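Novice: Predicted coordinates and the sequence they were generated for:
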Amino acid sequence: MSLTEKAWEIFNQSVNDYHITDNVDSTENNPFQANSLEWILYSKNWIDTVQWHLEDIIREEDINPVEALKIKRRIDKLNQKRTDLVEQIDFWFYKNFETITPNPDARINSETPAWCIDRFSILSLKIYHMSIEASREDASEEHKLQCSQKLQILLEQHKDLSTAIDQLLDDIENGKVKMKLYKQMKMYNDESLNPILYQKMQKNEKFQ
């Protein structure tokens, strides 16, 4: 089984587990060994799934503004955790390939393997939900037809993205691509980097 096949299986397991209760407050029961690659992939997709549904909830027209702000801040925290998990995946690849000496003409890919897998995880959610829309009994035939067409595009994207990720990993293993690590340098959650946060802190310190 290739890495993309394994990841796809884990992502779908996570999506299906979430939808047993279909509740953003459900507890994640990760079935894999803690901090293994499988565990990280499952947890990564679980966060994506929770965020997917929080984004649905926050778009409710009559939502209470206070509740909407709470959800937005929850999404921000989940985004940071998601980024941390993606970087863990990249570190796993980095350690896995650390004995590989890149060719002198090795190129650098615009995306690391883990950020490709991040898109792969979200694609599993798109396919899951588009499949539901394509066969929804209370929807019009036009709606179901349009969603069926979109589903076919997503399935093609799944095939293409699987191939692209596998090719990237093969190229790194064969020295054709140089594996590098990049931190995302998220600034909005950092009190020392977000001007709204640090200016508020400075103001509070001034009046203490």
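Specialist: Thanks, I have the structure now. Numbers count the residues shown, from 1 in each chain.
Novice: Shouldn't T101 be within a strand?
Specialist: No. Going by DSSP: H, G, I helix; E, B strand; the rest coil, the assignment for T101 is coil, not a strand.
Novice: Let me know whether it touches N174 as I believe.
Specialist: No. Between T101 and N174 there is no contact under Cβ atoms under 8 Å: 10.9 Å. Just so you know, the C-beta spots here come from the backbone N, C-alpha and C atoms, and that holds for glycine as well.
Novice: Contact partners for L3?
Specialist: I165, D166, L169 (Cβ atoms under 8 Å, 6 or more residues apart in numbering).
Novice: higher neighbour count, T101 and N174?
Specialist: Using other Cβ atoms under 10 Å as the criterion, T101 and N174 rank with N174 on top: 12 against 8.
Novice: count of neighbours near E5?
Specialist: By other Cβ under 10 Å, 11 other residues sit near E5.
Novice: what kind of secondary structure is it in?
Specialist: helix.
Novice: Run through the residues that contact it.
Specialist: Per Cβ under 8 Å, 6+ apart, neighbours of E5: S162.
Novice: do the same with the one 4 residues further on
Specialist: The contact partners of E9, by Cβ under 8 Å, 6+ apart, come to M1.
Novice: residues near Q80, how many?
Specialist: 15.
Novice: same check, this time on I10
Specialist: I10: 24 neighbours (other Cβ under 10 Å).
Novice: where's the closest residue to it other than its chain neighbours, which helix or strand?
Specialist: Using Cβ to Cβ, 6 or more residues apart in numbering and skipping the chain neighbours, the partner closest in space to I10 is L41 (4.7 Å). L41 belongs to helix 37-58 when assigned by DSSP states H and E.
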